[in-house]
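Engineer: Coordinates for the following, if possible.
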Amino acid sequence: MDWMEEYKKKKVTPEEAMKVVKPGDRVHFAYGMEPLDLGLALLARAGDFAEKGIKVLVPAPGRDFAWYDPGWENIFSIEIAHVLPLAHQMMRDRRGDYVVGDLTWALDPSLRDPVDVMLIQLSPPDKDGFCSFGSSLWDKKAAVRSAKIVLAEENENLIRTYGENFIHVSEIDYFVEHTPTGRTAGSTDMLGRKTTGPGEVETKIAQNVASLIKDGDTLEIGVGGTAEWVPILGCLDEKNDLGWHSENTPRGIATLVKKGVINGKRKTLHREKAIATAVGGGSREEMEFIHMNPIFELYPSSYVLNPRVIAQNDNMVCLNSALAVDLTGQIAAESLGSTIVSGTGGQLAFAIGGMMSKGGRYVVTMRSTARGGTVSRIVSRFEPGTIVSIPRVLADYVITEYGIARLRGKTQRERAKALMDISHPDFRSELKKEAEKLFWP
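Structural biologist: Reported below is the predicted structural model:
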């Protein structure tokens, strides 16, 4: 059968497509923004699932479906893989569950119960019948191929890229039309948190970061906190021949490619290519620049986040944010106490890869304080229950607005002194007292 004829037969309404879901099924959304019409059609069938319920995995909650609110948990058993703002209260109330991802954040189908129905967004097919996954790939292709039934919402606004960012219509069971929402991007960071953008503190941190970056380095920059603002603050504009190999692609990176600052000429892997598994952090202009630009290539997270692959880039600089660091160099990026408020994402993979890279560096940035300056992010000990995202053996550089602490190769006492020097002055005397109790007789 000609692919176009097959494709036309697969086009149905969201309500017709959703009839394939049965009570007790396991339904998975793919990574990236959830398909809105399919999600609403699933929610509309809540009454059909009241007796047995269904299990729903939403890896990165981005749309405010009702199942995050109290009262729905007996119908929709929600699992998430990254705790974004929409799911914060649900997780505080213990009304949902958290999937602990592996090193590359590709959910191995063999380790989970079989997926009955996969919901995903795709672009319309091209002339050869191939659809794009849009601005992020993650583990979508493997997830589609492992699911029993795949429902795709066709969104003509999704970009196309080079790399492995495609799938054929023959691998999809049903297609539905996407209803444009007319929404515009709000003032949020890439984790969906409200923000006014970078200020004086973020600018100082970015300047400190820039002092560690050399011409010819290959960069990774994580989302959220202070790290993702570095590309738009101008501190990298005078660098030369930078490379890009990253999980995400924050705003400003495409502009640096356009300017020629990031050109990959000195990369030791994928020379002259910008490699990522997601490029969805930019402005409309940046996304238009990335669309069908052969410089940008998207690959699965199982490849991009593989430390052995990361380490093949010489002079790999991995830059990520943290919630807190203790005086031994342990790094918390997911929780403070037992309540998860974020996710480690690819930070551990890049910490390992950066450490293994010839000339590589692993850099953590954070404001020196939190909660309006009332608490220090550099602490003597973590609050009980805090998840250690990065062990102290991988700690390298820690940066605040007060400077840079180099931890690699240091003793506990030396680490404590270095971290106290970049803590907020209001907390240094107390940290000194605590450090003396911990590390001196």
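
Engineer: Show me the shaky parts of the stretch 101-250 of the chain.
Structural biologist: Applying pLDDT under 70 to the stretch 101-250 of the chain picks out residues 182-194.

Engineer: could you show me where the strands are in it, in order?
Structural biologist: Secondary structure of the stretch 101-250 of the chain (DSSP state E, counting those that start in this stretch): strands located at 117-122, 130-131, 149-154, 162-163, 167-168, 174-177, 218-221, 243-246.

Engineer: deepest of those, which one?
Structural biologist: A comparison of the strands of the stretch 101-250 of the chain by mean neighbour count, using mean count of other C-beta atoms under 10 Å, puts strand 218-221 on top with a mean of 28. Every residue, glycine included, has its C-beta placed from N, CA and C.

Engineer: Relative to residue 55, which of the strands of the stretch 101-250 of the chain is closest?
Structural biologist: Closest of the strands of the stretch 101-250 of the chain to residue 55 is strand 117-122, at 10.7 Å (criterion: C-beta to C-beta).

Engineer: tilt between the closest one and strand 149-154?
Structural biologist: Note on geometry: by axes from the mean of the first three to the mean of the last three C-alpha atoms, to 10 degrees, strand 117-122 and strand 149-154 are set 20 degrees apart in direction.

Engineer: what's the neighbour count on residue 23?
Structural biologist: When neighbours are defined as other C-beta atoms under 10 Å, residue 23 has 13 of them.

Engineer: give me every residue that touches it.
Structural biologist: Contacts for residue 23 (C-beta atoms under 8 Å, 6 or more residues apart in numbering) come out as 48, 49, 51, 52, 53, 54.

Engineer: how about the strands of the stretch 101-250 of the chain in a markdown table, adding distance to residue 104?
Structural biologist: Shown next, in a markdown table, are those (distance: least, C-beta to C-beta, whole Å):
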| stretch | distance to residue 104 |
| --- | --- |
| strand 117-122 | 19 |
| strand 130-131 | 24 |
| strand 149-154 | 22 |
| strand 162-163 | 16 |
| strand 167-168 | 20 |
| strand 174-177 | 29 |
| strand 218-221 | 14 |
| strand 243-246 | 14 |
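
Engineer: looking at those strands, which is closest to residue 272?
Structural biologist: Of all the strands of the stretch 101-250 of the chain, strand 243-246 sits nearest to residue 272, with 8.7 Å by C-beta to C-beta.

Engineer: buried set for the helix or strand that that closest one is followed by?
Structural biologist: Counting by DSSP states H and E, the element after strand 243-246 in chain order, helix or strand, is helix 253-259. Residues 253, 254, 255, 256, 257 are the ones in helix 253-259 that count as buried (16 or more other C-beta atoms under 10 Å).

Engineer: Just give the nearest non-adjacent residue to the fourth one, would you?
Structural biologist: Nearest in space to residue 256, with sequence neighbours left out and distances taken as C-beta to C-beta, 6 or more residues apart in numbering, is residue 262 at 4.6 Å.

Engineer: One more: the second one?
Structural biologist: Take residue 254 and drop its neighbours on the chain: the residue closest to it by C-beta to C-beta, 6+ apart is residue 286, 3.7 Å away.

Engineer: Helix, strand, or coil at the one you found?
Structural biologist: The three-state assignment at residue 286 reads helix, by DSSP: H, G, I helix; E, B strand; the rest coil.

Engineer: correct me, but the residue nearest to residue 256 touches residue 255?
Structural biologist: No - with contact defined as C-beta atoms under 8 Å, residue 262 does not count as touching residue 255 (9.3 Å).

Engineer: contacting residues around stretch 59-67?
Structural biologist: With C-beta under 8 Å, 6+ apart, stretch 59-67 has contacts from 29-34, 36, 39-40, 43, 56, 68, 72-73, 75-76, 78, 80-82, 84, 86-87, 99, 107, 138, 192.

Engineer: If anything else comes up later, I'll come back, but that's it for now.
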